[in-house]
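Novice: sequence first, then the predicted structure, then my questions.
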Amino acid sequence: MSHSIISTIKDGTAGSRDAASARPSPLAPASAQRVERADVIIVGAGPSGSATAAYLAMAGLDVLLLEKAVFPREKVCGDGLTPRAVRELITLGIPTPAEDGWIKNHGLRIVGGGHRLELKWPDLASFPPYGLVRTRKDFDDILAKHALWHGARLRESTNVTDPILDERTGAIIGVRAKAMDPDGRPTGEDLVFHAPLVVAADGNSSRLSMSMNRPKRDDRPMGVAVRTYYTSPRHDDDYLESWLELWSRDNQGHRVLLPGYGWIFGVGDGTSNVGLGILNTSAAFGKVDYKDILSRWVDTLPPEWTFNDETRTGPVRGAALPMGFNRQPHYARGLLLVGDAGGMVNPFNGEGIAYAMESGRLAAEVIAQAFARQSDAGREKVLQSYPRVMKDALGGYYTLGRGFAKMIGNPEVMRLAVKYGLPRTTMMKFLLKIMANLAEPHGGDAGDRLINALSKMAPAA
Ligand SMILES: Cc1cc2nc3c(=O)[nH]c(=O)nc-3n(C[C@H](O)[C@H](O)[C@H](O)COP(=O)(O)OP(=O)(O)OC[C@H]3O[C@@H](n4cnc5c(N)ncnc54)[C@H](O)[C@@H]3O)c2cc1C
């Protein structure tokens, strides 16, 4: 590839060499425009982008992390971290002591069918026996700073608008961006960045993937979730709480079952994060007012929990949950996808942070190996292994998750599952392991082995 000469990029002479050797792309920058270069450009500094950046910087690559917002910034999320996400934080080297504002949880409390069941996170060799809660405002800031600390270059207020393509190969060789002011308005300054590899970590809508002709797949589950915060005495709950049924009352006082599943997560700062999600396998998907459902459900909760309009500390905000690898291929034409950009949310439980960080870690391993190859062809061969690496890691499990999402989209199946499943603790412990993807990969008990066997048998998503 004429555009991917890493050694020359590193010593700063790539500009002249690239300009001289590459045929001009239709999108190529005007020669007067200053071009900033890196080994790898990462677009988006959420958990997937920052994790990828930190690992690549650790591997000695010159990483440029482009983010349109300015940290600390809010992100619509439930703020809940399962042991799988905590494992990623530990691997990345991020300390999470309580005195720094990390609130620990010991398991999942499931509410439904008149039951409340508390299940401890399993105690396994491969995962810590606890989860955490941390607002995304803090979480993403901490991860971005961690990437910086490891040597990645972070450029905030940089809104990436277009890919720059190599005219001959059609591969991405950089991006164009607009500088933003602190209020998120364009300053009028146009920016150009070049790198032989670009990582799309720009979240669910991934404009960058779209502009590289990688739309969402409609045959994968998709969720929508909304959430808000209330000041509440439940703010320091040490269990994540999940509601399998959301009830309300109609005008005549009759109980009505609302679509979707709810959560209540204590944030530890005086507030609880309360929200709900609906899958597109549900008949109600896209046809209901999610904010209205949240307020109708919350109205039925015990008044002493103080979830009401007076205690609400922010707006109700929502976003999509792209599941089960809904955007593929995860690598092609110089563009590699991590996190929500690659549709990596777990279809069993709507968890996305663990998978954003995990895909960042796996992507960085592949990229570091690729950049150690001497030839462009060798590098490309390694990069093309990334989709297989992701499928091996999560593909079979996500195929099972697709089946699960389809099943629980049927309210009758869900009703029966809640009625007959919840009272059976052993079965629920097994379900918790499947749904939070916490099976011991090697050895473990009969349940772990069954989950691993099913994931292996299922065709990779
Ligand atoms: C209501 C709700 C609740 C959720 N609750 C949970 C939960 O409790 N636990 C959990 O694990 N997951 C949860 N998720 C899912 C989780 O939020 C996502 O899976 C996760 O944020 C994905 O991380 P990411 O880094 O891939 O993308 P994002 O977190 O979306 O980060 C993308 C980044 O890219 C930046 N960006 C976008 N476009 C551009 C551009 N053009 N130029 C430059 N920068 C750009 C954005 O500003 C952002 O910083 C929830 C999602 C929703 C909607």
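Specialist: Received the coordinates, thanks. Predicted model, so just to flag it, every value in this text is computed and none were measured.
Novice: in three-state terms, label E440 for me.
Specialist: coil (DSSP: H, G, I helix; E, B strand; the rest coil).
Novice: tell me which element the closest residue in space to it that isn't next to it in sequence falls in.
Specialist: The shortest distance from E440 to any non-neighbouring residue, by C-beta to C-beta, 6 or more residues apart in numbering, is to D448 (4.3 Å). Using the backbone N, CA and C atoms, a C-beta is placed for each residue, glycine as well. Using DSSP states H and E, D448 sits within helix 446-457.
Novice: buried ones in that helix?
Specialist: G447, D448, I451, N452, S455 (16 or more other C-beta atoms under 10 Å).
Novice: near the ligand, which residues of this structure are found?
Specialist: 43-49, 66-69, 75-80, 85, 159-160, 201-203, 207, 225-227, 275, 318-319, 321, 339-341, 345, 351-354, 356 (C-beta under 6 Å from any ligand atom).
Novice: thought A458 was touching L400?
Specialist: Yes: using C-beta atoms under 8 Å, A458 is in contact with L400, at 5.1 Å.
Novice: quick revisit: how about a markdown table for the buried residues of helix 446-457, with distance to Y239 added?
Specialist: Below are these laid out as a markdown table (distance: C-beta to C-beta, whole Å):
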| residue | distance to Y239 |
| --- | --- |
| G447 | 21 |
| D448 | 22 |
| I451 | 22 |
| N452 | 27 |
| S455 | 27 |
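Novice: would you format the residues you listed as a markdown table with pLDDT included?
Specialist: Shown next, in a markdown table, are these (pLDDT from 0 to 100):
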| residue | pLDDT |
| --- | --- |
| G447 | 90 |
| D448 | 92 |
| I451 | 92 |
| N452 | 91 |
| S455 | 91 |
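Novice: may I have the helix holding D448 as CSV, with CA atoms only?
Specialist: In CSV, the C-alpha atoms belonging to helix 446-457 read as follows (Å, rounded to 0.1, in the frame of the first residue of the first chain):
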residue,chain,number,x,y,z
ALA,A,446,-21.4,-28.5,34.6
GLY,A,447,-23.2,-25.2,33.9
ASP,A,448,-20.0,-23.5,32.7
ARG,A,449,-19.3,-26.5,30.4
LEU,A,450,-22.8,-26.5,29.0
ILE,A,451,-22.6,-22.7,28.2
ASN,A,452,-19.2,-23.2,26.5
ALA,A,453,-20.4,-26.2,24.5
LEU,A,454,-23.5,-24.4,23.4
SER,A,455,-21.5,-21.3,22.4
LYS,A,456,-19.1,-23.5,20.4
MET,A,457,-21.8,-25.4,18.7
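Novice: can you pull out the low-pLDDT segments for the stretch 1-150 of the chain?
Specialist: 1-32 (pLDDT under 70).
Novice: any idea how far the residue of it found nearest the ligand is from K178?
Specialist: The stretch 1-150 of the chain approaches the ligand most closely through G46 (2.2 Å), counting by C-beta to the nearest ligand atom. Distance of G46 to K178, given as C-beta to C-beta, to the nearest Å: 19 Å.
Novice: which one of those two has more residues nearby?
Specialist: Between G46 and K178, G46 has the larger neighbour count (other C-beta atoms under 10 Å), namely 28 against 18.
Novice: quick check: phi and psi on that one?
Specialist: Geometry field for G46 lists phi and psi as phi -80, psi -170, criterion degrees, to the nearest 10.
Novice: I'd say it and G203 touch.
Specialist: Yes: G46 is in contact with G203 according to C-beta under 8 Å; the separation is 6.1 Å.
Novice: now the common contact residues for those two.
Specialist: Shared contacts of G46 and G203, defined by C-beta atoms under 8 Å, 6 or more residues apart in numbering, are found at G339, D340.
Novice: do you have the strands of the stretch 51-200 of the chain handy? List them.
Specialist: Along the stretch 51-200 of the chain, the stretches classed as strands by DSSP state E, counting those that start in this stretch are 63-66, 80-81, 103-105, 107-112, 115-120, 131-133, 153-155, 158-165, 172-180, 186-194, 197-200.
Novice: ok, which of those comes nearest L301?
Specialist: strand 107-112 (10.3 Å; C-beta to C-beta).
Novice: please name every helix or strand in contact with that closest one.
Specialist: strand 115-120, strand 240-243 (3 or more C-beta pairs under 8 Å, 6 or more residues apart in numbering; DSSP states H and E).
Novice: format the ones you listed as TSV; extra columns: distance to D183 and mean neighbour count.
Specialist: Shown next, in TSV, are these (distance: least, C-beta to C-beta, whole Å; neighbours: other C-beta atoms under 10 Å):
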stretch	distance to D183	mean neighbour count
strand 115-120	45	15
strand 240-243	35	22
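Novice: is it possible to export the ones you listed to CSV including distance to N410?
Specialist: Formatted as CSV, these follow (distance: least, C-beta to C-beta, whole Å):
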stretch, distance to N410
strand 115-120, 21
strand 240-243, 18
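Novice: A171 is nearest to which of the ones you listed?
Specialist: Among those, strand 240-243 sits nearest to A171 (C-beta to C-beta), with 42.5 Å.
Novice: so what touches the helix or strand following the closest one?
Specialist: The C-terminal neighbour of strand 240-243 among helices and strands, as given by DSSP H and E, is strand 246-249. Identification of contacts with strand 246-249 by C-beta under 8 Å, 6+ apart yields 255-262, 276, 293, 296-297, 299-300.
Novice: what's the closest of the helices and strands packed on strand 107-112 to F139?
Specialist: strand 240-243 (15.4 Å).
Novice: partner strands of the closest one, with direction?
Specialist: strand 107-112 (parallel), strand 261-266 (antiparallel) (DSSP bridges).
Novice: deepest-packed of those strands, please.
Specialist: strand 261-266 (a mean of 24; mean count of other C-beta atoms under 10 Å).
Novice: remind me what the helix or strand that it is followed by packs against, helices and strands.
Specialist: Next in sequence after strand 261-266, counting helices and strands by DSSP H and E, comes strand 271-279. Packing partners of strand 271-279 (3+ C-beta pairs under 8 Å, 6+ apart): strand 222-231, strand 261-266, helix 290-299.
Novice: what is the burial count for whichever residue of the stretch 201-350 of the chain sits closest to the ligand?
Specialist: In the stretch 201-350 of the chain, no residue comes nearer to the ligand than G339, which is 2.2 Å away by C-beta to the nearest ligand atom. Residues near G339, counting by other C-beta under 10 Å, number 32.
Novice: what's the pLDDT at it?
Specialist: pLDDT for G339: 98.
Novice: that one against A356, yeah?
Specialist: Yes: under the criterion of C-beta under 8 Å, G339 makes contact with A356 at 3.4 Å.
Novice: mutual contacts of the two, please.
Specialist: Common neighbours of G339 and A356 (C-beta under 8 Å, 6+ apart) are G46, P47, S48, A201.
Novice: okay if I get the residues you listed as TSV plus secondary structure?
Specialist: Below are the shared contacts of G339 and A356 laid out as TSV (three-state DSSP):
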residue	secondary structure
G46	coil
P47	helix
S48	helix
A201	coil
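Novice: hmm, L276 is touching G262, no?
Specialist: Yes: the pair L276 / G262 is scored as a contact, 4.3 Å apart, by C-beta under 8 Å.
Novice: show me whatever sits in contact with both of those two.
Specialist: In contact with both L276 and G262: W243, L246, L294, W297, using C-beta under 8 Å, 6+ apart.
Novice: understood, closing this out.
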